[in-house]
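1. task: produce atomic coordinates for the following.
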Amino acid sequence: MMFKALRIPLSALLTLACIMLLIPSPQAFAASSGLAWSSDAITVYAPPSGGVWYPRLAKRSNSEWLLSFDTNAGGGNTRIVVTRTTNGGQSWSAPVTAVSHPSGNVGNGQMLVLPGGEVWLAYRLVIQSGAVYTTSLHVRRSTDGGLTWSDLPGGAIASTTANGFKGVWEPHLEYINGVIHVLYADDSPAAVGTTGLQNLYMKPWTGSGWGARITLSDGVAAGSRDGMPVITRMNDGRYMMVFESSDVPGHPFVIKYKISADGLNWSVPRQMLYTPNGTGKKAGAPFVAKLADGRLIAAFQTDESSGNTGDPYTSMHTMISANNGATWEHKTNVFPVSDTASSNWNALMTIDSTRIAAVTSADHPASGIYLKLGYTLTPAQVNLANNPSFETANVTGWTTYGDDYPARILIHGANDGVGVPAAHGAYFIGLAGTSGPASAYIGQTITGLDDGAYTMTARMRSSGGQSSCIMEVKDYGGATRQAACPVTTAWTTVTIPDIQVVSGKATLGFYAANTSSAQWADVDQVSFTRQSLALAPGKTYRLMNPASEKMLEVDAWGTANGSNVILWDDHGGANQQWTLVSAGGGYYKLVNAHSGKALEVDGWSTADGGNVTIWADHGGDNQLWLPVHLGGGVYKWLNKHSGKALDVAGSGVTNGTNVQQWTDLGNSAQRWAMIQLTP
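-> Sure, this is the predicted structure:
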């Protein structure tokens, strides 16, 4: 960001962009434990027929992303299609075909955005002739933002022929030390003989083709079928590769990782990331990314949460490491599904300093590509409860004890004889009585919470008569708070407000101690949300213009009086952070965290278009701003001296758009979402 004000030739800019890839990301102020995931999923694409698999994201800007996936929608061979969003994942374009082949199936697509904006897509092609399979890996490219695609000259990565379904698979493009590399798996006879095991390799891009093969993991030597390699650069400059491994007895696959000091030498130990719970259970298809705060997040699919076993019953889970892989914790089932469904072949993409996207190809609630957002800075008014309405027809995402489930925690649906519709969706749970005194508990712990006030709600009903029947919240840093079950046959909202979280987590729970088999308590539509944030002096914020999803920042990291203020993509830097200083009468000074200087209207202007800059704090009225809340944490800011609003020039949405003052119009150019960084 500090270079954008300079006039640099394009070739130098490309070199510079590669260098920037080597610089660790700036840290954001956020919760240090876990990650808060929205309970709501966005449907990216639902095929009218056929299937979808293997979604992968690529970021062109904080709001414009591409997503590729494999599909045979409409019949025929599988092909790779690409869809695009320009509003941060909220809506998606109709998919365009990026790769297809008349004689074979293509899949395993994965994209990389180059510094100049060109997009590369690596994929595998399988052509079968009788018992003979020819598999090959290639790269296509797009120079128009993913709308059209053509073969990359010299883009053929590897090819092999085998008498059986063996070959090269799962290419993954990534920058290593500023050079594009491709990782892939190889179980061809030429690589592993007749062992049935699999090796992992990597090749560098030379500018006209792919260079010499580098061994990432010798699966034959390890006695393992290593697969699906994905790499990321850690905050300390080293590189981590995650992969699936079959060298742990009792499990078809587990997740392992390696750490390389330079990204090129992988003759390093294999380390365990995750072994699934339960004999015969598997964990596979890993992915790894670095959060903006420096932590690592790994995703994988596992069938350990299902009553069934195998890939058709696996679902996406994530874990987080705050110490460069030494330990992994905060396991979360991001896309919970029913026992007969799956959410598979998942991927992650860091969006900005506070958000990450997760995508999956799932057949629950219907076949489709789905997306969820995770937050390192807890948003307001977003439900963070996992599986909040039990629409998976099981208790995935929740914890039970002993034989509570399924003996006394019952999943009720529309046709189970209860005769009561759910409060939301098709299912709800009942904490039911038995032939004698019995209790039942169900709960879940939500991690990654920033300090602040939260509200828990649920729709409940009960028979009454229990010795205890409560909704509760605990582990949030204060005393356990409880609300009694309503004694009624009608669904009733139960609320615990103003939960002051200070521990980074909270545990939601429901408990009933029934004294007869006739007693019951039903629960549905659970919600746990952060309450709207009030502006407060001494707190540090980012100001985001919702129309552009870009931040108010001091241009070129300026610290001098008169440094200009513009819009730019969220990068978490201190030049995008502003501390509120109360000036009395409802007015505030906005002091930049990087420069220590105050936001002001330049030259005491009162004219429309008067420029906004930073200047040493002198307490003048041109440095005082009145916030006017417009709802949902969005404000307009009125300058005390001029009475005019902080405004994006020309309602611009591109990086570098100037920020000025203008007559209060109440339009999108004058709306600023206040994103609190410090608790």
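2. okay, the lengthiest strand in the chain in PDB with CA atoms only?
-> When the chain is parsed with DSSP state E, its longest strand is strand 488-501. As requested, C-alpha coordinates have been extracted for strand 488-501 and formatted as PDB (Å, rounded to 0.1, in the frame of the first residue of the first chain):
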ATOM      1  CA  THR A 488     -47.000 -23.800  27.100                       C
ATOM      2  CA  THR A 489     -47.800 -25.800  24.000                       C
ATOM      3  CA  ALA A 490     -47.200 -22.800  21.800                       C
ATOM      4  CA  TRP A 491     -43.700 -21.900  20.600                       C
ATOM      5  CA  THR A 492     -42.400 -19.000  22.700                       C
ATOM      6  CA  THR A 493     -39.300 -16.900  22.400                       C
ATOM      7  CA  VAL A 494     -37.000 -17.100  25.400                       C
ATOM      8  CA  THR A 495     -34.200 -14.500  25.700                       C
ATOM      9  CA  ILE A 496     -31.100 -13.900  27.800                       C
ATOM     10  CA  PRO A 497     -29.900 -10.400  26.900                       C
ATOM     11  CA  ASP A 498     -26.800  -8.400  27.700                       C
ATOM     12  CA  ILE A 499     -24.400 -11.300  28.100                       C
ATOM     13  CA  GLN A 500     -21.000  -9.600  28.700                       C
ATOM     14  CA  VAL A 501     -18.500 -11.800  27.000                       C
END
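3. chain center to the following helix or strand past it: distance?
-> Later in the chain than strand 488-501, the nearest helix or strand by DSSP states H and E is strand 505-514. The chain centroid and the centroid of strand 505-514 are separated by 28 Å under CA atoms, centre = their mean, to the nearest Å.
4. what angle separates strand 505-514 from strand 488-501?
-> Orientation check (axes from the mean of the first three to the mean of the last three CA atoms, to 10 degrees): strand 505-514 against strand 488-501 gives 150 degrees.
5. for strand 505-514, which helices and strands make contact with it?
-> Applying 3 or more CB pairs under 8 Å, 6 or more residues apart in numbering; DSSP states H and E, we find strand 505-514 packed against strand 428-432, strand 438-447, strand 452-462, strand 468-474, strand 520-530. Every residue, glycine included, has its C-beta placed from N, CA and C.
6. could you dump these into CSV and include mean neighbour count?
-> What follows is the helices and strands packed on strand 505-514, written out as CSV (neighbours: other CB atoms under 10 Å):
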stretch, mean neighbour count
strand 428-432, 24
strand 438-447, 21
strand 452-462, 21
strand 468-474, 20
strand 520-530, 23
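7. my read: Thr134 touches Ala158, true?
-> No. Checked against CB atoms under 8 Å, the pair Thr134 and Ala158 is beyond contact range at 11.6 Å.
8. between these two, which is the more surrounded one?
-> Ala158 (22 against 16; other CB atoms under 10 Å).
9. list the beta-bridge partners for the more buried one.
-> Leu137 (DSSP bridges).
10. for it, which residues are in contact?
-> 136-137, 168, 184, 186, 201, 203, 210 (CB atoms under 8 Å, 6 or more residues apart in numbering).
11. so where's the stretch 351-500 of the chain uncertain?
-> Within the stretch 351-500 of the chain, the ranges that satisfy pLDDT under 70 run 414-415.
12. switch to 90 and redo it
-> 352-355, 375-381, 402-403, 406, 413-420, 433-438, 448, 450-452 (pLDDT under 90).
13. can you show me the helices along the stretch 101-250 of the chain?
-> 189-192, 219-222 (DSSP state H, counting those that start in this stretch).
14. who wins for proximity to Asp339 among those helices?
-> Nearest to Asp339 among those is helix 219-222 (31.8 Å), distances taken as CB to CB.
15. show me what stretch 661-668 is in contact with.
-> Stretch 661-668 has contacts (CB under 8 Å, 6+ apart) with 545-547, 601, 605, 608-610, 612, 636, 638-639, 642-647, 651, 669-670.
16. among those residues, the buried ones, what's the ChimeraX command?
-> To isolate the buried ones among the contacts of stretch 661-668 in ChimeraX, judged by 16 or more other CB atoms under 10 Å, type:
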select :545,547,601,605,610,612,636,638,639,642,644,645,646,647,669,670
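17. in strands, which of the contacts of stretch 661-668 fall?
-> Per DSSP E, strands hold the following members of the contacts of stretch 661-668: 545, 601, 612, 636, 638-639, 645-647.
18. tally of neighbours for Arg213?
-> Here the number of neighbours of Arg213 (other CB under 10 Å) works out to 16.
19. I figured it hits Lys203, correct?
-> Yes. Taking contacts as CB under 8 Å, Arg213 lies within contact range of Lys203: 5.6 Å.
20. so Tyr405, which state does it fall into?
-> Here Tyr405 is recorded as helix under DSSP: H, G, I helix; E, B strand; the rest coil.
21. and the residue lying closest to it once chain neighbours are set aside, how close does it get to Tyr401?
-> Distances taken as CB to CB, 6 or more residues apart in numbering place Val395 nearest to Tyr405, at 5.4 Å, with adjacent residues excluded. According to CB to CB, to the nearest Å, Val395 and Tyr401 sit 11 Å apart.
22. still on that earlier bit, inside strands: which ones of the contacts of Ala158?
-> The members of the contacts of Ala158 that map onto strands under DSSP E are 136-137, 168, 184, 186, 201, 203.
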